[in-house]
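Student: Dropping a prediction and its sequence here:
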Amino acid sequence: MISAGQLRAARALLDIDQRKLAELSGLSVPTIQRMEASDGVIRGNVDSLMKLVGAINAGGIELIGDGAASPSGGRGVRLKT
């Protein structure tokens, strides 16, 4: 799962705009906009979410889930080492 905040943070770390993320993920710009405007965890069809996470992952971003190894224990993103 990925939250809207994680998506915005990942895009910021990659220094790309919504159009570039749409291009990298094979999704439309309106789809990316809807995902980023979501409240909390992004809801969508599995295929779209997998494309989104795959593009973020390919860019070198690691999504941190609740309870994962993180000093504060919350959700987040970080650059892969």
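Tutor: Arrived safely.

Student: Surely residue 36 is in contact with residue 21?
Tutor: No: with contact taken as Cβ atoms under 8 Å, residue 36 and residue 21 are classed as non-touching, separated by 9.3 Å. C-beta here means a position set from N, CA and C on the backbone, and glycine is covered the same way.

Student: between these two, which one's more packed in?
Tutor: When residue 36 and residue 21 are compared for neighbours, residue 21 comes out ahead with 23 against 15, by other Cβ atoms under 10 Å.

Student: ok so, going back, identify the contacts common to residue 36 and residue 21.
Tutor: Counting by Cβ atoms under 8 Å, 6 or more residues apart in numbering, the common neighbours of residue 36 and residue 21 are residue 11.

Student: just checking, what packs against the longest helix along the chain?
Tutor: Determined from DSSP state H, the single longest helix within the chain is helix 46-58. Under the contact criterion of 3 or more Cβ pairs under 8 Å, 6 or more residues apart in numbering; DSSP states H and E, helix 46-58 touches helix 4-14, helix 18-25, helix 29-36, strand 61-64.

Student: I would like the residues contacting stretch 53-63, please.
Tutor: 2, 6-7, 10, 13-14, 16, 21, 24-26, 75-80.

Student: same thing but at 7 Å, please
Tutor: 2, 6, 10, 13-14, 21, 24-25, 77-80 (Cβ atoms under 7 Å, 6 or more residues apart in numbering).

Student: Quick one, which of these are buried?
Tutor: Using 16 or more other Cβ atoms under 10 Å as the burial test, these include 2, 6, 10, 14, 21, 24-25, 77 as buried.

Student: now those as a markdown table including pLDDT and distance to residue 63?
Tutor: Shown next, in a markdown table, are these (pLDDT from 0 to 100; distance: Cβ to Cβ, whole Å):
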| residue | pLDDT | distance to residue 63 |
| --- | --- | --- |
| 2 | 90 | 6 |
| 6 | 91 | 6 |
| 10 | 94 | 7 |
| 14 | 94 | 13 |
| 21 | 98 | 14 |
| 24 | 97 | 16 |
| 25 | 97 | 14 |
| 77 | 77 | 6 |
